[in-house]
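Engineer: Next comes the sequence, and after it the predicted model I'd like to discuss.
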Amino acid sequence: MIQTPTLTWQPVYPELILAGFAIAGLLYEALAPRSDRGVHLTIALGGIASSALASLALWSWTGETTVMGGMVAADKFSVLTRVVLLAVAAIGLLYGSHYFSRSGDEWRGEFFPLMLFATMGMTLISASADLLMVFLALEILSLSLYVLTGITGRRNSNEAALKYFLLGAASSAFFLYGVAMAYGATDTTSITAIANGLAGRIGSQPLALLAFAFLAVGFMFKVSAAPFHMWTPDVYQGSPTPVTAYMSAATKVAAFAALIRVLMVAFQPLTWDWTPVVIVLAALSVVVGSVFAIAQTDIKRMLAYSSVAQAGFILMGLTNPTSTGIRASLFYLVAYATMTVGAFGIVMLVSSKGEEQTSLSSYAGLYRRSPLLAGLMTIFLLSLAGIPPTAGFIAKASVFAAAVSAGHWELALIGVLTSVVAAFFYLRVIVLMYMRQPQGDQDEDAAVLPRVAILIPAILTIAFGIFPGLIVGLIEQASVLRW
Amino acid sequence: MSHLLTVTTFLPLVGLVVLVVGGRALKDDAARGVALVVTLATFVLSLAIIGRFDAAQPGFQLVERANWVESIGLSYYVGIDGISIWMVLLTTFLFPVAVLASWRVEKDVRMYMGAMLLLETAVVGSFVALDLLLFFIFFEAILVPMYLLIGGWGGERRIYAAVKFFLFTMAGSAFLLLATLFLYSKSGAALGGGNTFSLPQLVQVAGTLPVATARWLFLGFFIAFAVKVPVFPLHTWLPDAHTEAPTAGSVLLAGVLLKVGTYGLIRFNLALFPDAAKYFATFVSVLAVIGIIYGAVCALIQTDIKRLVAYSSVSHLGFVVLGIFAFTQQGVTGGVLQMVNHGLATGALFLLVGMVYERTHTRDLGQMGGLASVMPWLTGAFLFAVFASVGLPGLNSFVGEFLIIIGTFAVSHWFGSVAALAVILAAIYLLWSYQRMAYGPVHDEHRNVPDVSLREVVVLAPVLALLLVFGVYPKLLTDRIDPATTAVIRHVAPEGQTTDVGKGLPFKVTTASEGGG
């Protein structure tokens, strides 16, 4: 006889709300004779805002630690990541709304509901307490992102979508295989139960290690850590820029949130086995990301490789399997999401109509043409490079400190040195913006609304850099994985 | 508890905010005015620091401390002692001079002045920070405005020079960050309680480390500061940066930025790792001596006057490092004196080179000649700065160099002798360059260049006056420097000689620095 679990709905309100608004958006697109951008944006932002409120209400949740039959965790960790994801999604929606109004391509109303579905998958993955739930959420977000990547119908956009889909499907298969292995090793897919199952066992556990390896492949693909990053530059470049902005920031936060749960809870008993793997992946990512970024002539590809390096830095925090490591990585994730979504916003405005100008040379003399855009871009680039007083510096210092205090100073050494390499290509953009003359006549998008949207991450990047205390306290509370 | 140091540090940022908020409504002259007023106000404030400073007390004074990010042990912790107070004053003194010297900059004036103001906050912050992460933040923050100044307003190869400057310094500071984090990660366990970045507490932590670890950490700190100083062979960014930087950029680079490096050696390397410092003393001294000779020889063969002065900096800063690592009272005091004096003398030289360049449009000594007959006042001032720089008795550099050489002789005759020889080399390359510039036939195109303007007199006069004042009456400086350097010596080499110049105060670094507030 099958026991039906009692259902507590509140902890999944954020996802339910997103799904509801997404369906509303779809219905509107299907039924309205001519869909209107403003209505779509209102529906989508309404969904985001309501979902955010529902998430915030969970901050003081005192009920069970997991609900829906142990499928969904109700902890502060999930609240924090949800809020970050929703904020990124809101900015992505604002970008997209502007982008599609100017691009001259066929109008795509489905962009808005797809963004909500993707966000729902992401918030769900960050709250998943069961590997099956992780997989489900992973598929929700991935399928939405595949479509979003190819949404413009331009050739390179479609190519990127297909590439992303093929590689993504393979990585999903790896992930699912990993889930099966974990089930084989411990008779369960619940993250907590796996930990309990693995704890106290003596000797090597090949099946559990295989499970970890397969799961890791799936995760590393999603966070674009080397050597599973090959898709990143092509997809980032081909996607419409608002999608790139959203995807690069949010996917990483979501996938890392799930990875943190899996590493720090499920495989916590195997810490000694997985730490070396994470160290190698982190080192590889920072080196590959930083070195390859130097050779890029396209800003989106450069930022793509830089995001590979950033993934490495976030992994560095996780080489410290204590709350210190979780905190450092969480801070880095918040900082990363903030600066990346901002940087790609600038890219969107500079690239102007139809994505023609994403080459680095189009940044020559940007300061002469638009001091505001150049100034904001400088903030984001300095933060990505880890120069104080930006959020990126505090983030880097935190992950290095976490790695060093776990005894991995060699890794931190690789980290600080690759930061110098990375500074070189971020600086190159700054050189172009301030110290070169503009070439030819090109003008950026002069729209005001996206500029305002970019101001928010810019202010946060500085604020988190000077007053990290603003979020460190929250992160500290969130880093306690309940149960 | 006063907030004098905080106000002094961040006052320039207020000017920056005015420039940013003012936007395009602010005319160029208004932007220059804002920068000048703010830097002058900062200087006046720093004079107030002197007034409040108790010369007899060796520890940190005017201490301000507040938790910044409590959970990671980062605090806003500032204070000054007899060494940093002069560094702060040198900085606040040179900035209005540099602003005034940049009056003729026409391109993007607001951004230029904004970068200067940001730079001032970062430099002053580095000199007053007593929390290692806070120091690192200021230390790194120096890079961005300086990079913009070189890259935006420099000479032909400015971008190459700017990027080289940035990457060299950042690569060095990477090791500093790592070593700092390592100390930090050990601090909680060593002291009980949470980890901390506070310097006095980390001094205790460093004392508990194994010898080998302390040596590695010493090297981490040393590389960062050695790039900044620069110590041979990490100096290669300097000639490029100095040569390509705009005049004010060179003045500030030579005047104060290099001092951040030597200051860091005293404040952090010697305080945190006294034993390792002694272990590496010979090694560092050899590098310093090579730097002294190498810098002098390179200066000898330069035809580009700005590059020549740049190489002379390598040589002079070698003296400072040699003095510091002699671990004698005279050596360290001389080193600190020389930091101030070199900042003034070389600052003056770069100002003058800039003025000559504005008139002749060349930095090539071969293209100059006979300028003494065309602009006697300017070349006269140049000669005065040259004499100060070569260490003519009665002018400021003499005192510092003399003390360093005495202090070094007490430890090693070899190092002392070589250093003394280099003084002769300095006289050769500086006087020879002056000769090529000022005497001989006048080039036709230079026949009608004007002599100094009133603005330039205002720029030069205070600097040149100080060259004389500190030469005649160095006690002004040493009164405050000595107690602080005595403390350093006591900490590093308790068995070493601390007599003669010093007043010999009983001192323990940790208690004195904790009780500074």
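Structural biologist: Cool, the structure landed.

Engineer: Contacts only, for A:R301.
Structural biologist: Taking C-beta atoms under 8 Å, 6 or more residues apart in numbering or on different chains, we find A:R301 in contact with A:P233, A:Y236, A:Q237. Where C-beta positions appear, they are placed from N, C-alpha and C, glycine not excepted.

Engineer: What is the nearest of those residues to chain B?
Structural biologist: Nearest to chain B among the contacts of A:R301 is A:P233, at 23.9 Å by C-beta to the nearest C-beta.

Engineer: hang on, the earlier thing: with distance to B:M87 added, can I get the contacts of A:R301 in JSON lines?
Structural biologist: Compiled in JSON lines, those are given as follows (distance: C-beta to C-beta, whole Å):
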{"residue": "A:P233", "distance to B:M87": "46"}
{"residue": "A:Y236", "distance to B:M87": "46"}
{"residue": "A:Q237", "distance to B:M87": "48"}
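
Engineer: can you give me the helices in the stretch 151-300 of chain B?
Structural biologist: Counting by DSSP state H, counting those that start in this stretch, the stretch 151-300 of chain B has helices at residues B:158-191, B:199-207, B:211-228, B:237-244, B:247-252, B:258-264, B:271-272, B:274-279, B:281-300.

Engineer: for chain B, what are the nearby residues on chain A?
Structural biologist: Residues of chain A lying close to chain B by C-beta under 8 Å from any C-beta of the partner chain are A:382, A:387-389, A:393-394, A:397-398, A:400-401, A:404-405, A:409, A:412-413, A:416-417, A:419-420, A:423-424, A:427-428, A:431, A:434-435, A:468-469, A:472-473, A:476.

Engineer: Make a PyMOL selection of the buried ones in the residues you listed.
Structural biologist: In PyMOL syntax, the buried subset of those is picked out as below (16 or more other C-beta atoms under 10 Å in any protein chain shown):
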select buried, chain A and resi 382+387+388+389+393+394+397+398+400+401+404+405+409+412+413+416+417+419+420+423+424+427+428+431+434+435+468+469+472+476
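
Engineer: among the residues of chain A next to chain B, which are in helices?
Structural biologist: Among the residues of chain A next to chain B, the members found in helices (DSSP state H) are A:382, A:393-394, A:397-398, A:400-401, A:404-405, A:409, A:412-413, A:416-417, A:419-420, A:423-424, A:427-428, A:431, A:434-435, A:469, A:472-473, A:476.

Engineer: residues making contact with the host helix or strand of B:T9?
Structural biologist: B:T9 belongs to helix B:4-22 when assigned by DSSP states H and E. If you take C-beta under 8 Å, 6+ apart as the criterion, helix B:4-22 is touched by B:26, B:30-31, B:34-35, B:37-39, B:41-42, B:45-46, B:48-49, B:52, B:62, B:64, B:78-80, B:88, B:92, B:95, B:110, B:113-114, B:117-118, B:120-121, B:124-125, B:128.

Engineer: ok, 7 Å please
Structural biologist: Here helix B:4-22 makes contact (C-beta atoms under 7 Å, 6 or more residues apart in numbering or on different chains) with B:26, B:31, B:34-35, B:38-39, B:41-42, B:45-46, B:48-49, B:52, B:62, B:64, B:78, B:80, B:110, B:113-114, B:117-118, B:120-121, B:124-125, B:128.

Engineer: buried subset of those residues?
Structural biologist: Buried residues within the contacts of helix B:4-22, counting neighbours by 16+ other C-beta under 10 Å: B:26, B:31, B:34-35, B:38-39, B:41-42, B:45-46, B:49, B:62, B:64, B:78, B:80, B:110, B:113-114, B:117-118, B:120-121, B:124-125, B:128.

Engineer: Just the ones in strands from the residues you listed, please.
Structural biologist: B:L62, B:E64, B:V78, B:I80 (DSSP state E).

Engineer: quick one on the thing from earlier: could you say which of the helices of the stretch 151-300 of chain B is packed most deeply?
Structural biologist: Mean neighbours per residue, mean count of other C-beta atoms under 10 Å in any protein chain shown, is largest over these for helix B:247-252, with a mean of 29.
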